[in-house]
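J.: Fold the following for me, if possible:
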Amino acid sequence: MIPIVILFAAAIYIFIERWLVINNAKRRNRKFLQQLKSAIETNSLPKIAEICSNTNSDLGKMFGKGLENAALPPKEIDYEMEGEGKLVLFELERGMSILAAIAGIAPMIGFLGTIIGVIKIFSDIAASSEVSIAAVSGGLYVKMISSAAGLIIGVMAFVFYQWLNLKISRITNTIERNAINFIDYLKKR
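T.: Down below sits the predicted model:
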């Protein structure tokens, strides 16, 4: 049960940490887009560049990269912004593979507990030379608790992983959509 408890704690920690990071990124991007919209309405590249450099938004970093390369052809601007976007995505997904691993490992550790419980049952029967409820019940208890705990932690980690991936996909979609619009804006200038 100790490894299962450790996996539970790790899954909860990673989920909360990633949830905070993802929500902060979403909030910063929303705030950046509001500021950028007013700057685009004034059609002022220096103002847009200032907003991009003064933000810690993922979109701000990407758009700043686009502005740095504004003299290049649109395909190259897109390539530079895409590179920055990959860094942003990598940062959002950090730790997610561990959560996925926990979803797979926890049930296996639970099943290992099942095997240990069965071994305990046969060990108790061999030690007492008779089959009794007392000899079987201790091993069954170990077997059932470890299996249930492993499955619960595995399902929980899987749900956390999928939910966070959905949130990351939404942010990625927002970033890509706005990056395309920004490149179109730069083309028109």
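J.: On the pLDDT front, check K65 for me.
T.: The predicted local confidence for K65 comes out at a pLDDT of 84.
J.: Could you give the number of residues near it?
T.: 19 (other CB atoms under 10 Å). The C-beta positions use only the backbone N, C-alpha and C, and glycine is treated the same way.
J.: Look up the closest residue to it, ignoring the ones flanking it.
T.: Excluding the flanking residues, the one nearest K65 by CB to CB, 6 or more residues apart in numbering is E84, at 4.3 Å.
J.: and the gap between the residue minimising distance to the centre of the chain and R28?
T.: Nearest residue to the geometric centre of the chain (CA atoms, centre = their mean): M96, 4.1 Å. Taking CB to CB, to the nearest Å as the measure, M96 and R28 are separated by 20 Å.
J.: Repeat that for F63.
T.: Using CB to CB, F63 is found at 13 Å from R28.
J.: So the two - more neighbours on which side?
T.: Of the pair F63 and R28, F63 is the one with more neighbours under other CB under 10 Å, namely 28 against 16.
J.: which residues of this structure score low on pLDDT?
T.: Using pLDDT under 70 as the threshold, the predicted model of the chain has low-confidence ranges 135, 189.
J.: tell me what the lengthiest helix in it is packed against?
T.: In the chain, assigned by DSSP state H, the helix with the most residues is helix 133-188. Where contact means 3 or more CB pairs under 8 Å, 6 or more residues apart in numbering; DSSP states H and E, helix 133-188 is packed against helix 2-42, helix 58-68, helix 74-93, helix 96-128.
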